[in-house]
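[1] Starting from these lines, generate the structure:
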Amino acid sequence: MEKIVSLCKRRGFVFPNSEIYGGMNALYDYGPLGALLRKNIFDLWWRKMVTEREDVFGIDGRIILHPKVWEASGHVSGFADALVEDKKTHKRYAADKLIEEQLNLSVKSNDIEAISGLIKGGKLKSPEGNELTMPKNFNLLVPAYLGTVEGEKTQVYLKGESCQNIYVNFKQVFESMHKPLPFGIAQVGRAFRNEITSSGQFLFRQKEFDQMDVQYFCRPEDSSRFYEDWKTIRWNWYLNDLGLSEKRLKWRQHADEERAFYAKDAWDITYDFEGMGFKELEGLHDRGDYDLSQHQKFSGEDLSYFDPETKRKFIPFVVESSAGFDRNFLAILFEAYREDGERVYLKLKPYLAPYQAAVFPLLANKPQLVEKAREVYEVLKKQSGLNIVWDERGNIGKRYYSQDEIGTPFCVTIDFETLENNTVTVRDRDTAKQERVGLGDLKLYLIDKIIL
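    Below is the predicted model of the structure:
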């Protein structure tokens, strides 16, 4: 983790939030290269989950929703974690995380009785080995206030989970898109949780983060079948699209005591983060009709569906895929990080890399080489559809190593032979092998190796 964190800051992937003021715990900003990698992940997810499918529609919901949304969803009354405090250091911890780390047990995050029993029995201590206070529940929702007159402001909440936009817009999407069941609604949205975070987890657990959600609405009798379909779809995302190693991926089924009472089944896709073990990347849940039923009850709006085939009316069941965007980002870096002697490189899928190719002159002090290299760079940047970067810093070896470290899959060097026969040197990031390619073939050469 330390090497990933260092690389992220040094090379402009991720910065501590508000660092010049001392930073904010569990909050991070994405730098220039991090923003590019995030965009590539977003574009790929949108393409696979929305664009290439006929049965999924994308939306873009706001961060603030009507306060009653969170009453209906159960977040106001039940979205809580049990907090415990070290009696000596007065540091506070999320009790369920301590139990998982120390005892390898799963308990509901707000199960005061079970957590109290472990503390009273002497089985649970603070990370420093000290006694803990009895647990107290605290709500994870982050409150905010809207209004211009002090004292007349309305209390709202920042989204505790991004998917609620999808449920409250189900009827509008159905009526506007005229799509019969089954169909899905997808969104990449921001969420906020006022939770206790432990150090050393970097992007894995934050107070502000993004979720990639697909809520798939279907007939009650079909939910189990579609649930299995979506488990396969999402597994292939990590294995094939992101290129994560299968030996570092594992399914984990939720135990009865941690699964929501309304869920028919729940599984997590987990990834082996070195130093942390297998941690959740995504949850897949067979949620039944709970979500739409709750919003129908609290809003008074009819959210049922009339099936023209069976002539019956019912509340659609929901199959949920909810992935942590930031956790996907972090897993990609863990998977891609390589050390080869003094050379550090990110073995990213070419279509995910912040820059797909770098162009530079062999020597930056030779005007004829610089001029030709700029010409090649401009053509590729405008015509290839790829993200191309210009680099003339230092010597050629340092440029190669610099591009390797940020994951650029190909480096195109313009040398004296280019001036003679219009060929360039293309260097492969992973093998460091070089190949001569004609300028007339260069664009298609790169596109063929990079585009999915």
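
[2] burial of the nearest residue to Leu330 once chain neighbours are set aside, as a residue count?
    The shortest distance from Leu330 to any non-neighbouring residue, by Cβ to Cβ, 6 or more residues apart in numbering, is to Leu203 (4.5 Å). Heads up, the C-betas are built off the backbone N, CA and C, glycines and all. If you count neighbours by other Cβ atoms under 10 Å, Leu203 ends up with 24.

[3] in a helix, that's where Leu203 is, yeah?
    Yes - per DSSP: H, G, I helix; E, B strand; the rest coil, Leu203 lies within a helix segment.

[4] for it, what are its contacts?
    Contacts for Leu203 (Cβ atoms under 8 Å, 6 or more residues apart in numbering) come out as 14, 28, 326-327, 329-330.

[5] and the residue nearest to Phe278 when sequence neighbours are not counted, what element?
    Once flanking residues are discounted, Phe278 sits nearest to Thr270: 4.1 Å by Cβ to Cβ, 6+ apart. If you go by DSSP states H and E, Thr270 is part of strand 265-273.

[6] what are the ranges of the helices in the stretch 101-250 of the chain?
    Ranges of helices in the stretch 101-250 of the chain, per DSSP state H, counting those that start in this stretch, are 112-120, 164-168, 170-177, 223-236.

[7] possible to save those as CSV with distance to Val376?
    Below are those laid out as CSV (distance: least, Cβ to Cβ, whole Å):
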stretch, distance to Val376
helix 112-120, 63
helix 164-168, 45
helix 170-177, 45
helix 223-236, 37
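
[8] Minimum distance to Asp86: which of those helices has it?
    helix 112-120 (11.7 Å; Cβ to Cβ).

[9] tell me the mean pLDDT over that closest one?
    Here helix 112-120 scores 87 as its mean pLDDT.

[10] likewise stretch 232-249?
    97.

[11] which parts of it are buried?
    233-235, 237-238, 241-242, 244, 248-249 (16 or more other Cβ atoms under 10 Å).

[12] Max pairwise distance over the residues you listed: which two?
    Farthest-apart pair in the buried residues of stretch 232-249 is Ile233 and Arg248; separation 19.5 Å (Cβ to Cβ).

[13] Mind pulling the model confidence for Ser176?
    The model's pLDDT for Ser176 equals 97.

[14] count of neighbours near it?
    Neighbours of Ser176 using other Cβ under 10 Å come to 10.

[15] what do you get for Glu342?
    Neighbours of Glu342 using other Cβ under 10 Å come to 6.

[16] Then Glu309?
    8.

[17] From Pro180, how far off is it?
    Applying Cβ to Cβ, to the nearest Å, the value for Glu309 to Pro180 is 8 Å.

[18] again with Gly200
    Distance of Gly200 to Pro180, given as Cβ to Cβ: 49 Å.

[19] Over to Gly129?
    59 Å.

[20] neighbour-wise, which of those two wins?
    Here Gly129 and Pro180 are set side by side on neighbour count (other Cβ under 10 Å), and the busier one is Pro180, at 12 against 8.

[21] Can you give me the distance of the residue nearest to the more buried one when sequence neighbours are not counted to Leu181?
    Spatially, and ignoring its direct neighbours in sequence, Pro180 is nearest to Pro308 (7.0 Å; Cβ to Cβ, 6+ apart). Going from Pro308 to Leu181 by Cβ to Cβ gives 10 Å.

[22] Can you tell me which of the buried residues of stretch 232-249 comes closest to Val142?
    Closest to Val142, out of all of the buried residues of stretch 232-249 and judged by Cβ to Cβ, is Arg234, at 27.9 Å.

[23] More neighbours: which of Pro308 and Leu181?
    Neighbours per residue, other Cβ under 10 Å: of Pro308 and Leu181, the larger number sits with Leu181, 18 against 9.

[24] thought that one was touching Pro316?
    Yes - with contact defined as Cβ atoms under 8 Å, Leu181 reaches Pro316; the gap is 6.1 Å.

[25] and for these two, which residues touch both?
    Counting by Cβ under 8 Å, 6+ apart, the residues touching both Leu181 and Pro316 are 217-219, 305.

[26] Most neighbours among those residues, please name it.
    Compared across the shared contacts of Leu181 and Pro316, Phe217 has the highest neighbour count, 27 neighbours, by other Cβ under 10 Å.

[27] how about the nearest residue to that one, chain neighbours excluded?
    Pro316 (4.1 Å).

[28] what sits against the one you found?
    Under the criterion of Cβ under 8 Å, 6+ apart, the neighbours of Pro316 are 170, 181, 217-220, 289, 292, 305.

[29] swap the cut-off to 7 Å and go again
    181, 217-218, 289, 292, 305 (Cβ atoms under 7 Å, 6 or more residues apart in numbering).

[30] now it: how far from Tyr305?
    In this view, Pro316 and Tyr305 are 5 Å apart by Cβ to Cβ.

[31] Quickly list what's touching both of those two.
    Leu181.

[32] Which ones among the shared contacts of Leu181 and Pro316 map onto strands?
    217-218, 305 (DSSP state E).

[33] Okay then, goodbye and thanks.
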